[in-house]
Every structure is written in structure tokens, then in C-alpha cells.
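1. fold the following, please.
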Amino acid sequence: MSETTPPLAVVTGATAGLGLATARGLAEQGYRVVIAGRRPDKGRIACDTLRRHRPDADVRFEPLDLDSLASVRAFTRRLTANEPRLACLINNAGLMALPTRERTEDGFERQLGVNYLGHFLLTSRLLPLLFEESRQGKPARVVQLSSLAHRSGRIDFEDLAGARRYDPWRAYRQSKLAMLLFAQALQKRSDGGGWGLLSAAAHPGLSRTALFDVGVRSRPLAGRLFKLVMPLLSQSADDGARPTLYAALANDVRGGDYYGPDGWGETRGQPTRAYRSPAARDPAVEDRLWQVSCELTGATWATSPEL
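-> Take a look at the predicted model:
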């Protein structure tokens, strides 16, 4: 591949909503973009949408089902076989407040599995491509999508799967806290191992996407009320993607940073450094979550970019 080839970005869950807006923003900055998602039909539509917006956009769809660790492994095998480097990984895909407890193909509670554990394995297996990008002199970036909901989340190590007590929003909050902890832990390991990565996190505030349509079903009365006031508090998917794009592109981003909107309650506005809950600042929880995640997914992490 030529040294002048544009940098590559992978965005999970990019067939609609925040992911599609993020993919468009990266394409506008000259990135080649892989739209990673479950459904090829939606992938084709997303690629066509980006090309209509920007005819010279270099975008393609690759199947990735975060419900399945086998699918994650297959995706990474294809990408590493066809690409020498990866400049930017956006772990965006997610589920919100599934009304009933569901499990992934590998037996994980589905929100934790899709929102977090699948991305944990994905990132570990793409490290060689991220290392290669960083060797070119500019750190490869990894951005995890967290949420305002992380603030009331906690990692329940005794019942990660929600088998004893499932609550839709509790499970969602846990998964999004896990993503923020992951971003921080990844930066620490990069710094300690000389990996050369820039790991950050972002949240979209309150953004009008289809994700909320599923989430509000778990609380019908509160959901109907929330839908009434949502237009007053929220922002579009394009605006909600701005913190993610800032974390992925801005020159003043530091490793471990966390971005969200600067408006009231971080619900909408321009990107700025965001608030982290006390649970997100607990190094013991962060380290334990990393170890448990390695055990659950089989993820291994190189101790040096030379490996």
C-alpha cells in the first residue's frame, strides 16, 4: 500500500444514527471508512448515503456482529489480511435498556456483551494494525462510546450477567461505565507498554436516534413523558456525533480524555471535557474489569508493539 493512501477508520454500528454521522465526519476529513455492522442491506444503504453526501468518499461495509465473539474474530481476520494499518477505531455500536434479559451467542448479558465485551475483544485483535499506524509517527486513536448513564452505573462483579436481578437500565448503565473504564485502562497500558496509542472516550449527550425507541419501552409511562420533552432537551445525531469526532480528530486531545456536550447537564452543545463519576475514577474497579474481560473474551494484549 502506498504511503499516500488515506488513513483507515473503522466505525462499529455505523449503518445509522450516531455511527453513520461519525462515519460521514471521518470521510469528510479524508479517511477511508469501514462501516462495521450486522446487516449487509443496511450497510449498502449507509455506504450509498455517504457517497451521495460526498461522491469521492472511500467507504465500504464489513459484516460484524458484536453478539458473537466468533464474528468479531472473523472480522479482524479479514481486516488484518487486507489492511496494513488502522488509524482510528470508533467503538460506537450499542444497545439500550432491552426490556427483558437477553444473552449473546457466548452467554453474556446482551447489553454488556454488545456494548462492551465485543468491543474489548475487537480492540485487542486490532492492536497490530493500530501499532503499525503509530509507527508512522502519529498515534492511532481508539474512541469508546460511553453515556451520561454511566454516572449512576456500577460494575456488579458478582452478577455481571444480570442473572440474579435483571434491570434494563441498570444493565445499560453498567455497560457504559465499562466503556469509560476501558478507555482509561487502554491508555494506561499503552503508556506502560510503549504501544503509542491515543485512547479516549465520548458521549453524545441526549441525541435523537432509534436507540431511544427501544430504551423507552422498558419504562412505558416514563418513556412517553420523556418522548414529549426529548425535543426540548436533545440534539440531532449529527450534533451528538461531534464529541466522538472531536476525540477522534482534534489536536488537543490527550490520552484518557472524555468528551461530551458543553450545554446544560451535558445534554447538548459543543464538545468539551466531560464529567466522570466516582465509579469511573476507581483504579481497583478498572483493573479488575480488565482482568475479568480478558477471562470472559479470551482477549490477549501484547506487552510491546514489537510482538
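
2. need the contact list for the residue nearest to the spatial centre of the chain.
-> Nearest to the mean C-alpha position of the chain, counting by Cα atoms, centre = their mean, stands residue 91 at 2.4 Å. Taking Cβ atoms under 8 Å, 6 or more residues apart in numbering, we find residue 91 in contact with 12, 119, 122-123, 142-145, 179. C-beta: built from backbone N, CA, C; applies to glycine.

3. at 6 Å what do you get?
-> 12, 119, 144 (Cβ atoms under 6 Å, 6 or more residues apart in numbering).

4. any idea how far it lies from residue 292?
-> 18 Å (Cβ to Cβ, to the nearest Å).

5. and if you look at residue 164?
-> 17 Å.

6. neighbour count winner among these two?
-> Higher neighbour count among residue 164 and residue 292: residue 292, with 15 against 8, using other Cβ atoms under 10 Å.

7. now the more buried one. Nearest residue, chain neighbours left out?
-> residue 157 (6.7 Å; Cβ to Cβ, 6 or more residues apart in numbering).

8. burial of that neighbour, as a residue count?
-> 10.

9. next one: residue 162
-> Counted with other Cβ under 10 Å, residue 162 comes out at 21.

10. just to check, it is in contact with residue 109?
-> Yes. Applying Cβ atoms under 6 Å, one finds residue 162 in contact with residue 109, separated by 4.6 Å.

11. name the residues contacting each of these two.
-> Residues touching both residue 162 and residue 109 by Cβ under 6 Å, 6+ apart: residue 171.

12. rewinding a little: okay, now the residue lying closest to the residue nearest to the centre of the chain once chain neighbours are set aside: neighbour count?
-> Excluding the flanking residues, the one nearest residue 91 by Cβ to Cβ, 6+ apart is residue 119, at 4.0 Å. Counted with other Cβ under 10 Å, residues neighbouring residue 119 total 30.

13. so residue 119 sits in a strand?
-> No. Judged by DSSP: H, G, I helix; E, B strand; the rest coil, residue 119 forms no part of a strand; its state is helix.

14. tell me the pLDDT at it?
-> Residue 119 carries a pLDDT value of 98.

15. gap between it and residue 274?
-> Distance, residue 119 to residue 274, using Cβ to Cβ: 19 Å.

16. now do residue 172
-> Separation of residue 172 from residue 274 (Cβ to Cβ): 18 Å.
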